[in-house]
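> The following comprises the amino acid sequence and a computationally predicted model.
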Amino acid sequence: MIISNKKNIKNILFVFVFYIVSFFAPDSAFSQFQIKIATLAPQNSEWAQKFLEGSTEIQKKTDNRVKLKFYWGGAQGNAKKNLQKIKIGQIHGATFSPTDFQEIFPDLNIYGLPFLFRDHSEVDFVREKIDDELELGFKKLRFNTYGFAGGGFAYVMSNNAIKGYDDLQNKKIWLPQGDLISYKAMESLNLLPIPLPMTDVLTGLQTGLIDIVAIPPVVALALQWHTKVNYITKIPVLYAMGFLAIDTRVINRLSKDDREIVSDVITRIYNNVDTNSQKDSDNAYNALIKIGIKEVEFEDLEYKRLADLMVKPNIQMANDGLFSLELFERIRGYIEDYRKMQ
């Protein structure tokens, strides 16, 4: 009886220890290592398809040691919540726009200043000189990034035709929640900004809380915002881009070979998205016109008027510390150099 009891106790202790070890062990101890990534992108989007294919490739090349697990359509909340969840390890990374890093990396937002660039060729010229510098900034924040994916230019989408600056007056214009730079820019133009998280924009358009959004056509289609507007004005309001940021501490838990595989695959995906961004933007724009969104012309003189009005506020925002004045002036210089060459 005593021997039997001792045996039972040993079995119970074994099960208990096994349970404790299983509970606290890292994911890779008993199964593949899952890198958990949150995104606003819908699961049926083209972007999602590319990353699902990338995850399959990573699994295959790492012999099933590493997998990307995605939470689609804002299931993990907005960007601010995602940053908090990354900090405590609940998720490992997320897709972001520059405005999401306003507080900790404000210089990212210079590319997206309103009416800074006229076209994609100017953007390409500047990015070739500045992208690497910006990517270095993420390393100081303990994030791994894999390049920037251009989202194309944001165009004005609205329920009333917007043909010039005066048509923007007294209209409720959406801007991303927490986007202090765009808020200041709209104030300087005497416009009416309405800050909302991206997850609330569709409802805002439907209820009349907002009248206007400035968004790339690709995003408008993916998030179904086009279903709540009637007009699109092809004025390059600002250049949009996105990126994936993963906690460096998580990536460092992988072997050197697996880190290289993850980096190679994700970098290639972002390079492909970036390379095709202008074509994808044009295709999305044409798709909007085909489904009945009415195109509105914005006169060149009106664009110049807005661009000129923004120079002084941009310099003031830099002087106020919202981004680096030195970097802003350098980018402006590159743009001017390019325009002279044309």
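Right, received. Where do you want to start?

> Check which residues of stretch 289-300 are buried.
For stretch 289-300, the neighbour count (16 or more other C-beta atoms under 10 Å) marks Ile293, Val296, Phe298 as buried. (C-beta placed from N, C-alpha, C; glycine too.)

> ok, and Gly152, which helix or strand is that part of?
Taking DSSP states H and E as the definition, Gly152 sits inside strand 149-158.

> so where is the stretch 201-342 of the chain shaky, pLDDT-wise?
Scanning the stretch 201-342 of the chain for pLDDT under 70 picks out no residues.

> hmm, 90 instead?
219, 222-223, 234, 273, 276-278, 297-304, 342 (pLDDT under 90).

> For it, which segments count as helices?
201-207, 217-222, 248-251, 256-275, 277-290, 300-319, 325-341 (DSSP state H, counting those that start in this stretch).

> how about the ones you listed, which one is nearest Lys61?
When the helices of the stretch 201-342 of the chain are compared by C-beta to C-beta, helix 256-275 sits nearest Lys61, at 4.8 Å.

> For the stretch 1-150 of the chain, just list every one of the helices.
Secondary structure of the stretch 1-150 of the chain (DSSP H, counting those that start in this stretch): helices located at 2-24, 46-61, 79-88, 120-140.

> ok so, going back, so which of the helices of the stretch 201-342 of the chain has the densest surroundings on average?
helix 217-222 (a mean of 24; mean count of other C-beta atoms under 10 Å).

> quick one: contacts of that helix?
For helix 217-222, the external contacting residues (C-beta atoms under 8 Å, 6 or more residues apart in numbering) are 41-42, 45, 47, 151-152, 155, 157, 213, 225-226, 229, 232, 240, 280-281, 284-285, 287-288.

> Filter those residues down to the buried ones and hand me the ChimeraX line.
A single ChimeraX command selects the buried members of the contacts of helix 217-222 (16+ other C-beta under 10 Å):
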select :41,45,47,151,152,155,157,213,225,226,229,232,240,280,281,284,285,288
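
> For Lys87, see how far away Lys36 is.
Using C-beta to C-beta, to the nearest Å, we find Lys36 at a distance of 14 Å from Lys87.

> no no, Glu103
13 Å.

> again, but for Tyr111
Using C-beta to C-beta, one obtains 25 Å as the distance from Tyr111 to Lys87.

> Which of the two has more residues huddled nearby?
Tyr111 (22 against 10; other C-beta atoms under 10 Å).

> Contacts only, for the nearest residue to that one once chain neighbours are set aside.
Leaving aside its sequence neighbours, Tyr111 sits nearest to Tyr239 (C-beta to C-beta, 6 or more residues apart in numbering; 5.5 Å). Contacts for Tyr239 (C-beta under 8 Å, 6+ apart) come out as Tyr111, Gly112, Leu116, Phe117, Val123, Gly150, Gly152, Phe153, Ala154.

> go again using 7 Å as the cut-off
Tyr111, Gly112, Phe117, Val123, Phe153 (C-beta atoms under 7 Å, 6 or more residues apart in numbering).

> I'd say the second one and Val237 touch.
No: with contacts defined as C-beta atoms under 7 Å, Gly112 does not count as touching Val237, sitting 9.5 Å away.

> about what we covered before: quick one, which of the helices of the stretch 201-342 of the chain is nearest to Thr95?
Using C-beta to C-beta as the measure, helix 256-275 is the one of the helices of the stretch 201-342 of the chain that comes nearest Thr95, at 10.3 Å.

> Export only the CA atoms of that closest one, formatted as PDB.
Below are the C-alpha coordinates for helix 256-275, written out as PDB (Å, rounded to 0.1, in the frame of the first residue of the first chain):
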ATOM      1  CA  LYS A 256      20.300  33.200 -36.900                       C
ATOM      2  CA  ASP A 257      19.200  31.200 -40.000                       C
ATOM      3  CA  ASP A 258      15.500  31.500 -39.200                       C
ATOM      4  CA  ARG A 259      15.900  35.300 -38.600                       C
ATOM      5  CA  GLU A 260      17.500  35.600 -42.100                       C
ATOM      6  CA  ILE A 261      14.600  33.600 -43.700                       C
ATOM      7  CA  VAL A 262      12.000  35.800 -42.000                       C
ATOM      8  CA  SER A 263      13.800  38.900 -43.000                       C
ATOM      9  CA  ASP A 264      14.300  37.900 -46.600                       C
ATOM     10  CA  VAL A 265      10.700  36.900 -47.100                       C
ATOM     11  CA  ILE A 266       9.100  39.900 -45.500                       C
ATOM     12  CA  THR A 267      11.500  42.300 -47.100                       C
ATOM     13  CA  ARG A 268      10.800  40.900 -50.500                       C
ATOM     14  CA  ILE A 269       7.000  41.200 -49.900                       C
ATOM     15  CA  TYR A 270       7.400  44.900 -48.900                       C
ATOM     16  CA  ASN A 271       9.700  45.600 -51.900                       C
ATOM     17  CA  ASN A 272       7.100  44.100 -54.200                       C
ATOM     18  CA  VAL A 273       4.200  46.000 -52.700                       C
ATOM     19  CA  ASP A 274       6.300  49.200 -52.800                       C
ATOM     20  CA  THR A 275       7.400  48.700 -56.400                       C
END
